[in-house]
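*Asks:* Please find the sequence and the predicted model below.
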Amino acid sequence: MSKEIYENPDLKKERQNCPFNKEEITHLLDGGKEKTIERKQLENYILSDEQLKDAVPMEYLSHADKYAEELRKACLLMHKLADSPAGQVPTLRALMGAGLGSAVLKEGNPLALHYVMFIPALMGQGTIDQQAKWLEKAYNLNMIGTYAQTELGHGTFLRGLETRATYDPKTQEFILESPSLTAYKWWPGSLGKTANYAVVMAQLYTKGKCEGTHPFMVQLRDEETHEPLPGIVNMWLNPVCISSYIHYGTYVKPTNSKLSYATMVFVRVVVCQDVTTNLRKAVTIATRYSCVRRQSELKPGDREPQVMDYQAQQNKLLPPLAATFAFQLAADHLWNLYHTANNNIEQGDLELLPDLHGLSCALKALCSSEAANFVEVCRQSCGGHGYMSCSNFPRIYGQVTAAETYEGENTVLWLQVARYLVKTRKEQSGGLSVKYLIGEEKGPKTVDTTLEGIVKLYRRAAVGLVDVAIAELDKSGRKGEAPHDAWNHAAVYLIKAAQAHARLFVVESFVDSLKEGKLSAPVRTVLSQLCELFIIYWLLERSGDFFLCSNLTKQDLLLLNSKYVELLAAIRPQAVNLVDSFDLRDEVLNSPLGCWDGNVYQRLFDEAAKSPLNQSNVHESFHKYLKPLLKSNL
Ligand SMILES: CCCCCCCCCCCCCCCCC/C=C/C(=O)SCCNC(=O)CCNC(=O)[C@H](O)C(C)(C)COP(=O)(O)OP(=O)(O)OC[C@H]1O[C@@H](n2cnc3c(N)ncnc32)[C@H](O)[C@@H]1OP(=O)(O)O
Ligand SMILES: Cc1cc2nc3c(=O)[nH]c(=O)nc-3n(C[C@H](O)[C@H](O)[C@H](O)COP(=O)(O)OP(=O)(O)OC[C@H]3O[C@@H](n4cnc5c(N)ncnc54)[C@H](O)[C@@H]3O)c2cc1C
């Protein structure tokens, strides 16, 4: 007799009479029906392997045991690559990020940097000969690499890196050295125990002149013994400069010194997708839990309501739900720009490089910071159970908030965006993704609160805040301040302008995707509601920017507030159906709060029972410490 599958009755009710085709949204997010089929086949292939399951929860292992266990599984995953139903690169992409990969490697993938940065650095900056020599070795895992750029003393200011690579024309070798404690490479993932090679960013010195930071291939450990090579701590020998700027002892300048930063641009682009995947997990967990959890009294005398029926809970969870679509669609647009720009750069056409740099910095900073804030709101929306390690919120938050720092600390990236915006606005040049900065904003300044009218408000704010920042810079200049001081004293305005630009890009991506997309009417309706909710939410959150740069009135704001709460009520009935459309398996969510069946309390109880402390009634420490204290009559 088949075992009755339990489904929480409230969740079951939420799923009845769904007005849209969930699979249509799943296919949209996956990039098409075929991609969904491929993803599900890959998930079955990986998650059905018993050797990839944790015997005990990772949180109860020692640091060293966690590392060993993650390395065991990571290596097993690599052995499974060859037979993957999805092909190498799609499998690697799935295994390196916050989706399928995190279902197996909950503490992180010791081999991630090899694929996410080391190989991309070789592909992006190695010469043909160097790629011929190293890429096959890297893809065959005959070497494990990392990307060693950050030092104890410098992570942001790359021109301040202290590691030096001095070219010796006699031996035609580079001598790499870390001249001080602050020059020690610090932070690179896998550098400590896993990698035996690294792409090392170092200041290139030749003929006594510093030519700036360049990437070098350095062997760190013996390929057989894995022992660090002699002198590895503070002196590295025999590195090879990746990309050929030394021709017969003479330095040949690259067409653009920033091309050596290309690997960072790649990761900033993929990080936008990765934090969105993590946000989807957090929203799914919190939404399902909020429809299972019944608490307090809404109508006196009635049964305790689902907490999702409180408008306050909808206000917490529906904007992040909408954000997952907004960020995904924006990340897709950025990915397309990355490919176009990269193909052009390979042909020597660097025209799109500033746009790519500006937009990748903007979107990485926006998606990571917004996702981190939203994940924390999702955690808080689940009360005490959201605080438990087994809820998976602490791990999801840790992964997302790390992205606010790595690959360019967000503040620093916002200032990079501002530099690009000010230059584009002043020079009225270029600006593929900032076309609105070129020429004057046309049309009446009156406000209409339709979708198109709200997008126009975002554009006015984006232009207006750049002009406010430029006015501040000019004012400082007139006072005789040096450009670097004027820039520093306008930082607050510059960052606001950058953030407004990033939000405009996300809003336009969302609106344009709905216009262009071949969607059924029911899906278009629910996604349009989410789009309108999200762009009004952000406008209400940042209303000062809009008051400053448009004719927005108090009446407009009150009208938008009413529209916002109406949309909360309209979307509420579809919240569970929308997160079901993400098609995130329980193993990927890895949380008793978010499981598809809603069997929350039993799963919480089972998780608690796994704790080593719950394997006996009295822990041995009682007899060692507590009992003597109880007897000591202090
Ligand atoms: C094969 C399978 C593949 C699988 C992939 C699967 C992916 C799946 C998911 C991935 C999961 C995510 C895991 C991520 C792990 C990451 C781990 C972390 C790694 C790191 O953190 S690596 C180190 C990162 N460090 C940084 O980012 C440093 C930040 N600092 C800088 O970038 C720079 O110092 C600076 C930009 C802040 C300032 O530099 P500088 O002072 O030299 O520049 P200026 O401000 O003076 O500007 C000069 C001009 O240069 C332009 N510029 C600057 N940077 C760039 C760039 N990167 N590209 C292009 N142009 C750049 C400026 O715009 C200026 O131009 P202008 O015309 O003069 O204005
Ligand atoms: C989880 C994780 C993984 C990492 N992995 C790697 C890796 O694999 N390889 C690698 O090379 N690195 C790695 N890093 C390092 C990372 O790239 C750096 O931490 C990051 O670039 C920030 O640099 P920093 O730590 O020097 O911070 P700092 O730049 O020292 O930041 C400190 C403060 O100074 C401010 N600040 C700095 N410069 C400016 C400025 N010009 N204007 C205004 N404010 C400024 C910042 O906004 C921040 O508030 C990793 C970091 C983390 C957290």
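*Replies:* Happy to help now that I have it. Residues are numbered from 1 along each chain as shown. Ligands and ions are numbered 1, 2, ... in the order given.
*Asks:* Could you use CA atoms for every contact and neighbour count after this?
*Replies:* Fine.
*Asks:* dump the residue contacts of Q555.
*Replies:* Q555 is in contact with no residue at all, counting by Cα atoms under 8 Å, 6 or more residues apart in numbering.
*Asks:* what pLDDT does it get?
*Replies:* Looking at Q555, its pLDDT is 95.
*Asks:* before we move on, what about N234?
*Replies:* pLDDT for N234: 38.
*Asks:* can you check the one 10 residues further on too?
*Replies:* According to the predicted model, the pLDDT of S244 comes to 59.
*Asks:* near ligand 2, which residues of the stretch 151-300 of the chain?
*Replies:* Proximity of the stretch 151-300 of the chain to ligand 2 (Cα under 6 Å from any ligand atom) is limited to residues 154-156, 187-189.
*Asks:* rerun that using 8 Å as the cut-off
*Replies:* Contact residues (Cα under 8 Å from any ligand atom) of the stretch 151-300 of the chain with ligand 2: 151-157, 185-190.
*Asks:* before we move on, which element is the closest residue in space to L504 that isn't next to it in sequence in?
*Replies:* Leaving aside its chain neighbours, L504 sits nearest to Y458 (5.7 Å; criterion: Cα to Cα, 6 or more residues apart in numbering). Taking DSSP states H and E as the criterion, the element that holds Y458 is helix 451-478.
*Asks:* any idea where the strands of the protein begin and end?
*Replies:* Remark: strands assigned in the chain by DSSP state E are 145-148, 164-168, 173-177, 197-206, 209-219, 235-236, 240-241, 246-247, 250-251.
*Asks:* Would you single out the least confident of those strands?
*Replies:* strand 235-236 (a mean of 38).
*Asks:* need the strands of the chain in CSV with mean neighbour count and distance to ligand 1, can you?
*Replies:* Formatted as CSV, the strands of the chain follow (neighbours: other Cα atoms under 10 Å; distance: least, Cα to the nearest ligand atom, whole Å):
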stretch, mean neighbour count, distance to ligand 1
strand 145-148, 28, 7
strand 164-168, 21, 17
strand 173-177, 21, 19
strand 197-206, 24, 10
strand 209-219, 21, 9
strand 235-236, 16, 20
strand 240-241, 23, 18
strand 246-247, 12, 21
strand 250-251, 14, 19
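*Asks:* Out of these, flag the one nearest R280.
*Replies:* Closest to R280 of those, according to Cα to Cα: strand 145-148, at 28.5 Å.
*Asks:* Run through who's touching the closest one.
*Replies:* 113-114, 117-119, 138, 185-191, 195-201.
*Asks:* Spell out which parts of the chain neighbour ligand 2.
*Replies:* 113, 117, 146-157, 185-190, 399, 402-403, 405-412, 415, 488, 491.
*Asks:* if I look at G31, how far off is ligand 1?
*Replies:* Going from G31 to ligand 1 by Cα to the nearest ligand atom, to the nearest Å gives 16 Å.
*Asks:* now the helices: where do they sit in the stretch 101-250 of the chain?
*Replies:* Counting by DSSP state H, counting those that start in this stretch, the stretch 101-250 of the chain has helices at residues 112-113, 119-125, 128-139.
*Asks:* Near ligand 1, which residues of the stretch 401-550 of the chain? Just list them.
*Replies:* So far as Cα under 8 Å from any ligand atom goes, the stretch 401-550 of the chain lies against ligand 1 at 403, 405-409, 412-413, 416-417, 419-420, 423.
*Asks:* Same list (those residues) but as CSV, adding pLDDT, neighbour count and distance to A341.
*Replies:* What follows is those, written out as CSV (pLDDT from 0 to 100; neighbours: other Cα atoms under 10 Å; distance: Cα to Cα, whole Å):
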residue, pLDDT, neighbour count, distance to A341
A403, 98, 25, 23
T405, 98, 18, 25
Y406, 97, 17, 23
E407, 96, 21, 19
G408, 97, 20, 20
E409, 98, 17, 23
V412, 98, 16, 23
L413, 98, 27, 19
Q416, 97, 19, 18
V417, 97, 29, 17
R419, 97, 16, 20
Y420, 95, 19, 16
K423, 94, 15, 20
